[in-house]
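Asker: Please work out how this folds:
(chains A and B)
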Amino acid sequence: MRKAIAVAHKEFRQIARDRRTLMILLFVPAFFLMLYGYALNWDIRHVRLAVEDQDHTPESRSIVSAFVNSGYFDLVASVDDTRIAALMNTNEVRAVLVVPSGFGRRLRTGARAPMQVLVNGDNANTATTVVGYALTILQSESAHYQRGPWAPLLSVQPRVWYNAELRSTLFLVPGLIAYIAMITAVVSTALSIVREKERGTMEQVRMAPLGAPAFVVGKTIPYFLISLASAIGIILVAMVLFGVPMRGSWWLLLLALSLFLVGALGLGLLISSVSDNQQVAFQLAMLASFLPTLMLSGFIFPISSMPAFLRAVTYAVPARYFLIALRAIVLKGAGAQAFWQDLVALAIFAVAVLVLASVRLRKEWA
Amino acid sequence: MNAIVVSDLTRRFGQFVAVDHLTFDVRQGEIFGFLGSNGAGKSTTIRMLCGLLKPTSGTASVGGVDVSRDPEGVKRRIGYMSQRFSLYERLTVDQNIRFFGGIYGLDKARLDRRRRFVLEMAGLEGRERTRASDLAGGWRQRLALGCAILHEPPIVFLDEPTGGVDPLSRRRFWNLIDQLSASGVTVLVTTHYLDEAEHCHRIAIIHAGRLAALGSTDELKHMFAGRSIVEIHASNPVEAMRLLDGMPEVEKTSVFGTAVHAVLRTDRTISTDALTSRLADAGVPVSGIGPVQPSLEDVFLEVAERA
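Answerer: Predicted structure coming up:
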């Protein structure tokens, strides 16, 4: 153990000497979170709306103001039929509300009152969301005009738990935390052993009566502390800038984060032990951390809708378990009983990669 | 007592036999030189003796420990330093010493004592806080040696330890090696420099993985017993060599700097004057000629050609 500490001590000093790498490890992750956090946002606000009001009644004005007051739409133009196409083509408006003449009269007499919403469909995601907003507004407006026996028997009052406003940020930022922490942890350690191979210091270390496990543990400790500091940094940024709540226990979060990071560092060391030079190590590290964490962790794409083969692959992606735990802790305030299996899976992954890295190194040493 | 006992040691890499049934002993406190051209199998042998590489067959024991059975035990008894002087460049002199002391498991008191010893030995007192990358070659070399012997190993392996170091530093380094040997440490050293080999008590010449010759420098030079070597300085050494090769009295020739060495046959004798006039008659004037003692280089070339 003293030998492992000697390795850790040396590694710390080396990292501390290398100010640039240290800064990259500590602060770039938080910076990335800010970049991604603002850019990756599926919520749609300020949809530019034009209105073609052929009716000019109190009822038509009331519908228009319902759209504007919803906060989703900005009224940019009142137009007539002829200009609509031009405005849509140039993207000056993304949606048009058409209120036909006779709309108010039909409402007052209790007849069906059709109206039209035109949505720019060049971005299918946005269009779907905008249509959803419009339907919600129209539904709640039409309730005002329903009276007497026609009142609906079934009334649905949806309430979305944990994220009442359905802000996609709350869903995406935990994923981003896992994603960024994973990449930094894997890449930084992936370079650490292979660098010693390249510089020849590895050969010198191998000549010492130092077991491969002591070497691997010694390498893990400093990177663990640094990546832990960096990960806590990005979590704080997520809370301050993106309003991610903290509804659960910090200790549980620390536990889940630690298990996840040790696994990521172990994966990096494993990559480092099989690589012959830093380029190969870097590429392997990106391949092993970047794509699986982005695609196969449930960060963006739900695992349950993947084909069986890919679903099986996701069991080997540590971010999958970490994301479940992270979302459960910060968004739901759930206790460990809700996700203990995921913590166990993270621990198994961590032990497995560290053992593999040691075995692989020992094979190379002997 | 023998510090290293090697018997029929063999290592194959696929079809290639890097080390071929090597057998030799190294006595305690001896400086044992390993001489051979690149790829002769010197480094492979050292790696097996250090417990880094498993022998394909044969046995080797280092400090009484079998290298195949207990490589970790071997590592505790040896120090190793290679031509790369593998230090951590970004760390200071002191930090390097402390790291290597740490991985050899030295306790604090012993580390302090050995640290002072290494700093003094390497002449690095007062430069403890200098980064290894800022040291000149000779100091780096001595620091690397110091780090390799922090744990006071009875046996030290030096793999081409003087590469890229100036002559003065080389001499200083060899003085350190002599001191180590005098204090009872066994030193096995590989080198390209034949003048360095003269420091060794005994030399093994390795050629193509086999032991080609073994003995003290005097014993090795005795291989030339009965034959004399003539050194010839001529204005046109290439032409002189061609002419000498054509003479029945000359066994072989080789270039030595600007001079030519001709090994004469034992059964045919020729005087230096006769050689001079014969060369002059052929149009190659000789500016100097005389008999010389065989050098290790002569031995080395002889062995390499014969094998």
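Asker: and residue 258, what does it touch?
Answerer: With no chain named, the answer covers chain A. Contacts for A:Ser258 (CB atoms under 8 Å, 6 or more residues apart in numbering or on different chains) come out as A:224, A:228. Yep, even glycine has a C-beta here, placed from its N, CA and C like the rest.
Asker: wrong one, I was asking about chain B
Answerer: Each residue near B:Thr258 by CB under 8 Å, 6+ apart is listed here: B:233, B:237.
Asker: pLDDT value on it, please?
Answerer: B:Thr258 carries a pLDDT value of 83.
Asker: Please report how far it lies from A:Leu252.
Answerer: Remark: distance between B:Thr258 and A:Leu252 (CB to CB, to the nearest Å) = 81 Å.
Asker: do A:Pro245 as well
Answerer: Distance from A:Pro245 to A:Leu252, by CB to CB: 15 Å.
Asker: So between the two, which is more surrounded?
Answerer: A:Leu252 (19 against 13; other CB atoms under 10 Å in any protein chain shown).
Asker: how about the helix or strand hosting that one: buried residues?
Answerer: If you go by DSSP states H and E, A:Leu252 is part of helix A:250-274. Across helix A:250-274, burial judged by 16 or more other CB atoms under 10 Å in any protein chain shown covers A:252-253, A:255-274.
Asker: Closest residue of chain A to chain B?
Answerer: Here chain A gets closest to chain B at one residue, A:Ala6, 2.3 Å apart by CB to the nearest CB.
Asker: Get me the contact residues on the stretch 151-300 of chain A for chain B.
Answerer: The stretch 151-300 of chain A comes close to chain B at residues A:199-211, as judged by CB under 8 Å from any CB of the partner chain.
Asker: Report the buried members of those.
Answerer: A:201-211.
Asker: would you turn the residues you listed into CSV with distance to A:Lys332 and pLDDT?
Answerer: Output for those, formatted as CSV (distance: CB to CB, whole Å; pLDDT from 0 to 100):
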residue, distance to A:Lys332, pLDDT
A:Thr201, 47, 87
A:Met202, 46, 86
A:Glu203, 51, 83
A:Gln204, 51, 85
A:Val205, 46, 86
A:Arg206, 48, 84
A:Met207, 53, 84
A:Ala208, 49, 85
A:Pro209, 50, 84
A:Leu210, 45, 83
A:Gly211, 43, 82
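Asker: what stretches of the stretch 251-366 of chain A score poorly on pLDDT?
Answerer: Across the stretch 251-366 of chain A, the ranges flagged by pLDDT under 70 are A:365-366.
Asker: Please repeat the previous calculation with a cut-off of 50.
Answerer: Nowhere does the stretch 251-366 of chain A drop to pLDDT under 50.
Asker: pretty sure A:Leu118 is in a strand, no?
Answerer: Yes. Counting by DSSP: H, G, I helix; E, B strand; the rest coil, A:Leu118 is located in a strand.
Asker: Give the helix, strand or coil label for the closest residue to it other than its chain neighbours.
Answerer: Using CB to CB, 6 or more residues apart in numbering or on different chains and skipping residues adjacent in sequence, the residue nearest A:Leu118 is A:Val96, 4.1 Å away. Per three-state DSSP, the secondary structure class of A:Val96 is strand.
Asker: Right, I'll leave it there.
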